[in-house]
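Enquirer: Sequence plus predicted model, see below.
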Amino acid sequence: MPATTAVSAASSDVDWTQALIVAPPSAAGSPWLRRFGRFSAAVASGWMQIRGTRRRGALDRGFALSDHVDWPGLMSAIEATGAKRILVTHGNIAVVVRYLCENGYDAQPVETRFAADDGENQL
C-alpha cells in the first residue's frame, strides 16, 4: 500500500485532484466533501454485483468487493490469531459460538444494535 495521509492531518494547500479518498457512506452529500472540489464517487461493496445498484446510488463507479468471509476462512483467521476468547457479533451468531465452544474456545455472543443481514434475530 502506498503511504496514506488522514485528511484532517493534511495541510490546507494539498492538491486532492489525483488522490484516492476513502470515506464512509455517511460522507456522501456532506460539507466535508467540498474541500475536494470536483470528484468521482465510487463504492466497493458486494451489493455492486446486483444490477442497477451503482445507478440507483448515483455513483460514477462500483466495485464488487464483499467483506463477508466463508466458513473455512473465518475459522482459519480465528485460529491464526491465537485468541482463546472469541466474541461473536454478526451473522449466524449461535452457530459460530456453538462450533467454537465445541472446539475449545471461550466463545460468547455479543448483542449489538445491528441486525442480521436476513432480518432474523440470530442470538
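Expert: Alright, I've got the coordinates.
Enquirer: so who does F39 touch?
Expert: Residues in contact with F39, defined by Cβ atoms under 8 Å, 6 or more residues apart in numbering, are W16, I21, L33. (Each C-beta comes from the backbone N, C-alpha and C, glycine too.)
Enquirer: Without its sequence neighbours, what residue ends up closest to the last one?
Expert: It refers to L33. Spatially, and ignoring its direct neighbours in sequence, L33 is nearest to A27 (6.2 Å; Cβ to Cβ, 6 or more residues apart in numbering).
Enquirer: any idea which helix or strand comes after the worst-scoring helix or strand of the chain on mean pLDDT?
Expert: In the chain, no helix or strand scores lower on mean pLDDT, DSSP states H and E than helix 53-56, which sits at a mean of 81. Downstream of helix 53-56, the first helix or strand assigned by DSSP states H and E is strand 61-64.
Enquirer: who does that next one pair up with?
Expert: strand 42-45 (parallel) (DSSP bridges).
Enquirer: what number of residues lie near the residue lying closest to S66 once chain neighbours are set aside?
Expert: Leaving out its chain neighbours, the residue that sits closest to S66 by Cβ to Cβ, 6+ apart is G46, at 3.3 Å. Per other Cβ atoms under 10 Å, the neighbour tally for G46 reads 12.
Enquirer: Would you enumerate the residues in contact with G46?
Expert: A64, L65, S66, D67, H68.
Enquirer: Identify, from those, the entry nearest to R56.
Expert: A64 (15.2 Å; Cβ to Cβ).
Enquirer: three-state assignment of the closest residue in space to that closest one that isn't next to it in sequence?
Expert: Leaving out its chain neighbours, the residue that sits closest to A64 by Cβ to Cβ, 6+ apart is M48, at 4.2 Å. Under the three-state scheme (DSSP: H, G, I helix; E, B strand; the rest coil), the conformation of M48 reads as helix.
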